[in-house]
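Engineer: Here is my input; please provide its structure:
(chains A and B)
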Amino acid sequence: MPILDMTLARDGKVYFWTSSVGRKLLMAITGFAFVAFVTIHALGNLTAYMGGSAMNAYAAFLQGMAHGGGIWVFRFVMLAIFLIHATTAISLTLDNWAARPKGYREKKPQAANWASRSMRYTAIILAAFIICHLLHLTVGWRVIAPGFAHGDAYGNFVRGFQSWPISMFYIIANLCLGLHIWHGIWSFSQTLGWAHPRYDALRRFLAAVWSLLVICVNISYPIAVLSGLLK
Amino acid sequence: MSEHTKNLTLKIWRQKSARDEGHFETYQANNISPEMSFLEMLDVINEELIHKGVEPITMDHDCREGICGACGLVINGRPHGPRERTTTCQLHMRSFRDGDTITIEPFRAKAFPVIKDLMIDRGSMERIIAAGGFITAPTGSPRDANALPVPKTCADLAMDAASCIGCGACVAACPNASAMLFLSAKVSQLGLLPQGQPERLTRVRDMIAQMDAEQFGACTNFAECEAVCPKGVKLEHIARMNRDFIKSAILYRPPQASAGGA
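Structural biologist: Next up, the predicted model:
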């Protein structure tokens, strides 16, 4: 079989990083790290409902972890996770586009839902949102965060959400987040191979409830500020 | 029979050769019996084209019993047409209404180059099988049934995977033109049985490497493949293949140049 031997992709090299399934696994694991982060981030901010001093104390605790070094270690880990998630996503997407150079005239989606089909677009919105969110409430860029004061997390949070355009942007970004992690959580479990008829319905349910919980908590903040509940 | 015949408008992809640009052409199908299969309807069109001296439409087909996997057309935007768990050859014209317009396209993927009209080259799938979708142990003549006991549940699950006919509808339906459902069925049918165990981890690795080399896309868990599979192969098999891939990434041993033994 000389022709077969020539075409078979057997080179004996470790190919985990270049293989499509290997890249998918990296994407799934880093994506899940983001889900874990965003969940803790959303829940941690519930301290806002306990008053300004509680939230500022929580912020001070995060800033002071390991004598102030902890937060920097954490930031670099998050940056690495972001870079892995983004590069694997881009390389897989390019491969996927190349896999069908000529499309169909007519194509009816059978099972793909809104969330799965919008992953690439919600991803771009989320990347833009993360940059804006960091500039807004971490860096405190004056153009979008007038009156920003380092050390006053609660004050920055309330002043930020008192602006209607900013609040609307956060709400829209969170709806995108919900769609993205709804498919993401389910997809994560599938890529890691956690499929079984006994748990399949549960996996779908958990993905929906989890993403709904995260975005409900997150969206409650701008609404609470705009309605005057938090001031 | 004649009072129920249908008149249809067909928009069919015509492409002279692999190098040809290709285009859609419109044909009228008149007096089509609802008892005809979809391929028989195309046979009738081809008869008419031959009589007119026009090059007939080339399409792939073989058994016309829904088990060989040779036929496969994208009919109105769905591989194998509108019916669930039905191959193109088993689709009948009763599934369409009089006056319908039907768009017929070949399965589209980089790994499935069009040979002519609606016929594609699925050699990429053959090469994936050749990369590891078998067991190398010589099995000799058929053994006695039950010589190697396999629990009923495992046998059934393996049979579900083995029901894949390799038609390529999963690839055609996948927005990424991924062959993961096909591959996972071929990995699972052996991975679920005792004979498949010794080579389980090299098999999944080699077959996935071949899939990537053939430039199929990657899975994004849309589940389109499962919805159109004429044999009802489940996404569960993709998850099993992913599990095997993880194990393989951890436990894989490259083949030794000097094999062990006595």
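Engineer: Can you give me the distance of the residue most central in space within chain B to chain A?
Structural biologist: Note on chain B: the residue nearest the mean C-alpha position is B:Cys167, at 1.8 Å, using CA atoms, centre = their mean. Counting by CB to the nearest CB, to the nearest Å, the gap from B:Cys167 to chain A is 16 Å. For glycine as for every other residue, the C-beta is placed from the backbone atoms N, C-alpha and C.
Engineer: quick one, what contacts the closest residue in space to that residue that isn't next to it in sequence?
Structural biologist: Distances taken as CB to CB, 6 or more residues apart in numbering or on different chains place B:Gly69 nearest to B:Cys167, at 3.9 Å, with adjacent residues excluded. By CB atoms under 8 Å, 6 or more residues apart in numbering or on different chains, the residues touching B:Gly69 are B:Thr87, B:Ile165, B:Gly166, B:Cys167, B:Gly168.
Engineer: Could you look up the SS state of B:Gly69?
Structural biologist: Three-state call for B:Gly69 (DSSP: H, G, I helix; E, B strand; the rest coil): coil.
Engineer: repeat for A:Arg120
Structural biologist: Applying three-state DSSP: A:Arg120 is helix.
Engineer: Over to A:Trp182?
Structural biologist: Quick answer, by three-state DSSP: A:Trp182 is helix.
Engineer: ranges for the helices of chain B?
Structural biologist: Remark: helices assigned in chain B by DSSP state H are B:38-52, B:123-130, B:152-162, B:169-173, B:180-191, B:200-213, B:224-228, B:236-251.
Engineer: Point out where chain A drops to low pLDDT.
Structural biologist: Low-confidence segments of chain A (pLDDT under 70): A:1-14.
Engineer: ok, 80 please
Structural biologist: A:1-16 (pLDDT under 80).
Engineer: for it, what spans make up the strands?
Structural biologist: Shown for chain A, no strands are assigned by DSSP state E.
Engineer: quick one: buried residues of stretch B:119-133?
Structural biologist: Across stretch B:119-133, burial judged by 16 or more other CB atoms under 10 Å in any protein chain shown covers B:Met119, B:Ile120, B:Arg122, B:Ser124, B:Met125, B:Arg127, B:Ile128, B:Ala130, B:Ala131, B:Gly132, B:Gly133.
Engineer: How about it and chain A, any contact?
Structural biologist: Yes: contact of stretch B:119-133 with chain A (CB under 8 Å from any CB of the partner chain) involves B:Arg127, B:Ala130, B:Ala131.
Engineer: which residues touch the residue of the stretch 1-150 of chain B found nearest chain A?
Structural biologist: Proximity to chain A, evaluated over the stretch 1-150 of chain B using CB to the nearest CB, is greatest for B:Gly77 at 3.8 Å. With contact taken as CB under 8 Å, 6+ apart, B:Gly77 is in contact with A:Tyr104, A:Glu106, A:Lys107, A:Lys108, B:Thr103.
Engineer: List buried residues within those residues.
Structural biologist: Members of these classed as buried by 16+ other CB under 10 Å are A:Tyr104, A:Lys107, B:Thr103.
Engineer: Output these in CSV, with distance to B:Cys63 appended to each entry.
Structural biologist: Below are the buried ones among the contacts of B:Gly77 laid out as CSV (distance: CB to CB, whole Å):
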residue, distance to B:Cys63
A:Tyr104, 26
A:Lys107, 27
B:Thr103, 25
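Engineer: Next up, the contacts around the closest residue in space to B:Pro106 that isn't next to it in sequence.
Structural biologist: Setting aside the residues directly before and after it, B:Pro106 is nearest to B:Leu118 in space (CB to CB, 6+ apart), at 4.7 Å. Residues near B:Leu118 by CB under 8 Å, 6+ apart: B:Ile12, B:Trp13, B:Ile57, B:Thr58, B:Met59, B:Asp60, B:Leu73, B:Ile104, B:Glu105, B:Pro106.
Engineer: what separates B:Leu118 from A:Asn113, distance-wise?
Structural biologist: Distance, B:Leu118 to A:Asn113, using CB to CB, to the nearest Å: 30 Å.
Engineer: Please apply the same query to A:Tyr154.
Structural biologist: For A:Tyr154, the distance to A:Asn113 - CB to CB - is 38 Å.
Engineer: Just want to know which of those two has more residues nearby.
Structural biologist: Neighbours per residue (other CB atoms under 10 Å in any protein chain shown) separate A:Tyr154 from A:Asn113, with A:Tyr154 holding more: 19 against 13.
Engineer: And for that one, nearest residue in space, chain neighbours not counted?
Structural biologist: In space, A:Tyr154 is closest to A:Gly52, 3.9 Å off (CB to CB, 6+ apart).
Engineer: Would you agree that neighbour is in contact with A:Arg159?
Structural biologist: No: using CB atoms under 8 Å, A:Gly52 makes no contact with A:Arg159, being 11.8 Å away.
Engineer: any common contacting residues for those two?
Structural biologist: With CB under 8 Å, 6+ apart, A:Gly52 and A:Arg159 have no common neighbours.
Engineer: Highest neighbour count among the contacts of B:Leu118?
Structural biologist: B:Leu73 (31 neighbours).
Engineer: Surely that one touches B:Thr88?
Structural biologist: Yes: applying CB under 8 Å as the test, B:Leu73 and B:Thr88 come out as touching, 5.1 Å apart.
Engineer: between the two, what contacts are shared?
Structural biologist: With CB under 8 Å, 6+ apart, B:Leu73 and B:Thr88 have common neighbours B:Phe38, B:His80, B:Gly81.
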